[in-house]
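Chemist: Sequence unavailable; structure follows:
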């Protein structure tokens, strides 16, 4: 295992511990419902991150706060990792799928997609 796999393994382990600690009584019972709820959370956290970017061109811009943006990004990561767990992905499977998709994206660029 390389350092990246070790890091991702640690993130997965900590996410599992967090879910156990939270004791999610209201968490949906079916996999598709859990993934749907998690993606709803991702969307809302992404909107919170976007709100930090002063994307509203008609309003006075605000200073971008990197620390707050990083926090929102980690909120998104929590939900994405949980979705991976719900879909029975391991850290190694995440890496494999990432590398496969990375290759596809590079090929698309090479072919003028």
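Modeler: Nice, I can see it. A quick note: this is a predicted structure, and the numbers were derived from the prediction, not measured. Numbers count the residues shown, from 1 in each chain.
Chemist: how near is residue 68 to residue 30?
Modeler: Separation of residue 68 from residue 30 (Cβ to Cβ, to the nearest Å) stands at 34 Å. Every C-beta, even on glycine, is put in place using the N, C-alpha and C of the backbone.
Chemist: more crowded one of these two?
Modeler: residue 68 (13 against 8; other Cβ atoms under 10 Å).
Chemist: What residues does the more buried one make contact with?
Modeler: residue 52 (Cβ atoms under 8 Å, 6 or more residues apart in numbering).
Chemist: Tell me the first helix or strand C-terminal of whatever helix or strand it lives in.
Modeler: Using DSSP states H and E, residue 68 falls within helix 66-86. With elements assigned by DSSP H and E, the helix or strand that comes after helix 66-86 is helix 91-110.
Chemist: Run the angle between that following helix and helix 66-86 for me.
Modeler: If you take axes from the mean of the first three to the mean of the last three Cα atoms, to 10 degrees, helix 91-110 sits at 110 degrees to helix 66-86.
Chemist: What are the buried residues along helix 91-110?
Modeler: Across helix 91-110, burial judged by 16 or more other Cβ atoms under 10 Å covers 91, 94.
Chemist: Adjust the sequence numbering to begin at 21 for everything that follows.
Modeler: Sure, I'll start numbering at 21, so the last one becomes helix 111-130.
Chemist: tell me which strands and helices that helix is in contact with?
Modeler: helix 23-42 (3 or more Cβ pairs under 8 Å, 6 or more residues apart in numbering; DSSP states H and E).
Chemist: That'll do, ta.
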